[in-house]
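> structure, please.
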Amino acid sequence: PAPNYESRQGYRRAAPLGVDADYGQTFSGSRGESTVIADVETGWTHDHEDIRHKALNQFIGLNGAPYPWDHGTAVFGELIGEDNDSGVKGIVHQADVLMSSHLGSVSNIPTAIANAANAVGPGDVVVLEVQCYSSAPSPHPCEYDPAIFATVQTATAAGTHVFAAAGNGGNNLDSAAYGGLFDRNVRDSGAVMCGASDGSSLNTAYFSNYGTRLDAHGWGFDVTTTGYGDLYSGGSVQTEYTDGFSRTSSATPIVTGAGVMLNGIVREAQGSGLTPLQLRDLLTQTGTPQGSGGMIGPRPDVRAAIAALGLPELSVGGSLVPGGNVEITLSGSAGDTFQLGYSATLLASPTYLPPFGYRYLGALRSTATGAIGAGGTTTLSYPIPNNSGLSGKTIGYVQAAVRYSSGSGTGTLTNYVPITIN
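The predicted structure follows:
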């Protein structure tokens, strides 16, 4: 098997480096469960060792060679790379995927987009990993085309989330040459338009299209993912990895993954997800601001978005040393009741407990019940054994089930948090 490259996936890390997918995945519904992502482009090694668990044979629409190139493989590595001890880890690795190919022909792009939009439903996702060309400064986002714009607008109006690459022309989409077609005051497809930054830097990449139509950005350089083989090859296209995937093609799956993760968390916590416009606003209003260069929007910040949503959330503090005290704080809405659970282990596969979502804890060793205080938080304190052998170890994990006293939904399971002794 390939080496484990998760440590190279900086775009998963906490802001400002990444979108904080590592934190987000501790919440119920964060891993892409019950979401279908239809990818519009071409070039998937659908039986690649790190994506076959979701991608194998999931082609729709136009038929062609199963894997002529690496592009789609790399996109899927960022999104659904399998959660195991080798290769990469996708931001939403439990999402289902569909592949809608344009067969390498620009003329087929409208059909491929329509095929993708027709194959998914409300709460699902279409990813436009394509750029288009016309008499206007090119390449540009494909929604410049009226027919594609109409398809995207119809999809978002029906509740499908669309994430679109802004394209790699270095063009200002606010230019008069585009006739106002990227001016949201003129028209708005509802899609999340994605630009690219200089990899881990927040500055606009020289090649990224830019302008007020862009909503968010991801890494445009040095993305570690599946495909190409310049980082590792086990001797076949099914075992290749790269650390050089780039441009708005690499940026768009990062933004998409953050969006899918947040929508899944909200759906589990409140009983229904966000609308496309609500999710787009959440990404733009809570992200890490971009650096210098033309406007590409912020880099999504899952942790900040969760905080802005006000969902029940656990944190651990206190004097985390042998003989000290661990303080577990639950934030949420005053009056909500909770049951806090503690376990020495996490489950290899989460257990679904309707209507609260996914429990990640193993066998419970202890529980506590109560209600969130008038200030919106409750803190519980527990002694840590005075045992020097505990230093540097994670002694267990906590997660809470919260039942709402009012508002949307019945209740939810919070994030899980490790208790690590210094």
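
> distance of the closest residue to Leu364 other than its chain neighbours from Leu353?
Residue nearest to Leu364 in three dimensions, not counting chain neighbours: Gly341, with 4.8 Å by C-beta to C-beta, 6 or more residues apart in numbering. C-beta: built from backbone N, CA, C; applies to glycine. Distance, Gly341 to Leu353, by C-beta to C-beta, to the nearest Å: 11 Å.

> cool, Gln399 as well?
From Gln399 to Leu353 the distance is 11 Å (C-beta to C-beta).

> overlap of the contact sets of these two?
359, 413 (C-beta atoms under 8 Å, 6 or more residues apart in numbering).

> more neighbours: these two, which one.
A count of neighbours by other C-beta atoms under 10 Å puts Gln399 above the other of Gln399 and Leu353, at 24 against 12.

> now the more buried one, what's its secondary structure?
Secondary structure, DSSP: H, G, I helix; E, B strand; the rest coil: Gln399 is strand.

> okay, now the residue lying closest to it once chain neighbours are set aside: neighbour count?
Leaving out its chain neighbours, the residue that sits closest to Gln399 by C-beta to C-beta, 6+ apart is Tyr416, at 4.2 Å. Neighbourhood size, Tyr416 [other C-beta under 10 Å]: 23.

> give the contact list for Ile51.
44-45, 73, 76-77, 80-82, 90, 97, 226.

> nearest to Ser189 among the residues you listed?
Val97 (22.2 Å; C-beta to C-beta).

> name the helices or strands packed onto the helix or strand hosting the closest one?
Assigned by DSSP states H and E, Val97 falls within strand 96-101. Here strand 96-101 touches strand 36-41, helix 52-55, strand 59-60, helix 71-80, helix 109-119, going by 3 or more C-beta pairs under 8 Å, 6 or more residues apart in numbering; DSSP states H and E.

> may I see those organised as CSV, with distance to Thr26 added?
What follows is the helices and strands packed on strand 96-101, written out as CSV (distance: least, C-beta to C-beta, whole Å):
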stretch, distance to Thr26
strand 36-41, 21
helix 52-55, 21
strand 59-60, 33
helix 71-80, 19
helix 109-119, 31
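
> out of these, which is closest to Gly335?
Comparing the helices and strands packed on strand 96-101 by C-beta to C-beta, strand 36-41 comes nearest, at 36.5 Å.

> parallel or antiparallel, which strands does that closest one pair with?
With DSSP bridges as the test, strand 36-41 is paired with strand 96-101 (parallel), strand 125-128 (parallel).

> if I pick Phe59, what's in contact with it?
46, 66, 98-99, 101.

> could you check how far Thr378 is from Asp243?
Counting by C-beta to C-beta - Thr378 and Asp243 are separated by 44 Å.

> meant to ask about Leu202, not that
Remark: distance between Leu202 and Asp243 (C-beta to C-beta) = 20 Å.

> out of those two, which sits in the busier spot?
Between Leu202 and Asp243, Leu202 has the larger neighbour count (other C-beta under 10 Å), namely 20 against 16.

> and Ile148, what does it touch?
109-110, 113, 132, 142 are the contacts of Ile148 under C-beta under 8 Å, 6+ apart.

> likewise Ser406?
333, 335.

> helix, strand or coil for it?
Going by three-state DSSP: Ser406 is coil.

> so how far is Phe76 from it?
To Phe76, Ser406 is 41 Å away according to C-beta to C-beta.

> so what sits against both of Gly341 and Leu353?
359, 401.

> returning to that earlier point: want to try CSV for the contacts of Phe59, with distance to Glu33 as columns?
Shown next, in CSV, are those (distance: C-beta to C-beta, whole Å):
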residue, distance to Glu33
His46, 21
Pro66, 27
Leu98, 16
Met99, 20
Ser101, 26
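
> need the max-distance pair from those residues.
It's Pro66 and Leu98 that sit farthest apart of these, by C-beta to C-beta, at 14.1 Å.

> just to revisit the earlier point, so the residue nearest to Leu364, which state does it fall into?
Gly341 - assigned by three-state DSSP - is strand.

> the inter-axis angle of the top helix by length along the chain versus strand 36-41?
Secondary structure assigned by DSSP state H gives helix 247-270 as the longest helix of the chain. Inter-element angle recorded for helix 247-270 and strand 36-41: 170 degrees (by axes from the mean of the first three to the mean of the last three C-alpha atoms, to 10 degrees).

> quick one: average confidence on helix 247-270?
Averaged over helix 247-270, pLDDT sits at 97.

> next one: stretch 157-168
On average, stretch 157-168 scores 98.

> ok, Ser292 to Tyr206 distance?
Ser292 is 11 Å from Tyr206, where distance means C-beta to C-beta.

> which one of these two has more residues nearby?
Using other C-beta under 10 Å as the criterion, Ser292 and Tyr206 rank with Tyr206 on top: 12 against 9.

> list the contacts for the nearest residue to the more buried one once chain neighbours are set aside?
Nearest residue to Tyr206 in three dimensions, chain neighbours excluded: Gly170, at 6.1 Å (C-beta to C-beta, 6+ apart). By C-beta under 8 Å, 6+ apart, Gly170 lies in contact with 206-210.

> how about Gly170, secondary structure?
coil.

> for it, phi and psi?
Main-chain torsions, Gly170, degrees, to the nearest 10: phi 60, psi 30.

> now the strands for the stretch 301-422 of the chain?
Listed in chain order, the strands of the stretch 301-422 of the chain (DSSP state E, counting those that start in this stretch) span 313-319, 325-331, 337-343, 346-353, 357-361, 364-371, 377-383, 394-403, 411-413, 417-420.

> Thr329 pairs with what?
Ser315, Thr379.

> mind listing what it touches?
By C-beta under 8 Å, 6+ apart, the contact list for Thr329 reads 314-317, 377-380.

> Ser405 and Gln399: what is the separation?
20 Å.

> can you tell me the SS state at Ala15?
Quick answer, by three-state DSSP: Ala15 is coil.

> I'd like the numbering to begin with 59 instead of 1 from here.
Yes, from this point I'll number from 59; that puts the last item at Ala73.

> what sits against it?
Residues near Ala73 by C-beta under 8 Å, 6+ apart: 346, 357, 359, 361-362.

> pLDDT value on it, please?
On pLDDT, Ala73 comes in at 98.

> what of Gln336?
98.

> can I assume it sits in a helix?
Yes - assessed by three-state DSSP, Gln336 belongs to a helix.

> distance of it relative to Ala153?
19 Å.

> check Leu419 too.
23 Å.

> ok, Asp105 next?
Distance from Asp105 to Ala153, by C-beta to C-beta: 18 Å.
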